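Q: Let me see the structure of the following:
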Amino acid sequence: METHDHPAIVWDEIIGFLVTMIGVPAGWGWIVAGFILFRFFDIAKPWPIKFIDSHVQGGLGIILDDLLAGIYGLGILHLVAFILE
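A: Just a heads-up that it's a prediction; the model follows:
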């Protein structure tokens with residue numbers, strides 16, 4: 001499609017969000033928090049997400065940056081769940 005990460009293809013986003021939600025307590029609040037956290041890390045691209053996004057070419061790089069954003073979101077959600085319980 002002649003572009004690095006075509007906006008019409010969202011499989012990478014779905015995978016990243018689903019990773020964020022692994023083992024998180026049920027409820028709309030957790031879903032919204034997970035979505036916000038995933039999008040934050042996907043947009044902000046903290047290290048090493050930014051490095052991977054710019055240095056790993058092709059589909060692997062596109063998937064990996066969202067996968068890592070999902071892992072960051074997953075960690076934060078589980079930390080919050082641990083603190084609240």
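Q: Quick one: low-confidence residue ranges for this structure.
A: Residues of the chain that meet the criterion pLDDT under 70 lie in 1-9.
Q: In three-state terms, how would residue 24 be classified?
A: coil (DSSP: H, G, I helix; E, B strand; the rest coil).
Q: Would you check that it makes contact with residue 78?
A: Yes: A contact is recorded between residue 24 and residue 78 when judged using C-beta atoms under 8 Å, the distance being 7.2 Å. All C-beta atoms are positioned from the backbone trio N, CA, C, and that covers glycine.
Q: Please identify the helix or strand for the residue lying closest to residue 64 once chain neighbours are set aside.
A: Distances taken as C-beta to C-beta, 6 or more residues apart in numbering place residue 52 nearest to residue 64, at 5.0 Å, with adjacent residues excluded. With elements taken from DSSP states H and E, the one containing residue 52 is helix 49-55.
Q: same thing with residue 66?
A: Taking DSSP H and E as the criterion, residue 66 maps to helix 58-84.
Q: who does that helix touch, helix- and strand-wise?
A: With contacts defined as 3 or more C-beta pairs under 8 Å, 6 or more residues apart in numbering; DSSP states H and E, the packing partners of helix 58-84 are helix 11-20, helix 28-44, helix 49-55.
Q: and it with helix 28-44, angle?
A: Going by axes from the mean of the first three to the mean of the last three C-alpha atoms, to 10 degrees, helix 58-84 is angled at 140 degrees with respect to helix 28-44.
Q: quick one, helix 58-84 and helix 11-20 angle?
A: Interaxial angle, helix 58-84 versus helix 11-20 (the same axes, to 10 degrees): 20 degrees.
Q: Please compute how far helix 58-84 lies from its chain's middle.
A: If you compare the mean C-alpha spot of helix 58-84 with that of the full chain, they lie 5 Å apart, counting by C-alpha atoms, centre = their mean, to the nearest Å.
Q: for stretch 33-40, same thing?
A: When distances are taken as C-alpha atoms, centre = their mean, stretch 33-40 is centred 7 Å away from the chain's centroid.
Q: Any buried residues in it, and which?
A: Residues of stretch 33-40 classed as buried by neighbour count (16 or more other C-beta atoms under 10 Å): 33-34, 37-39.
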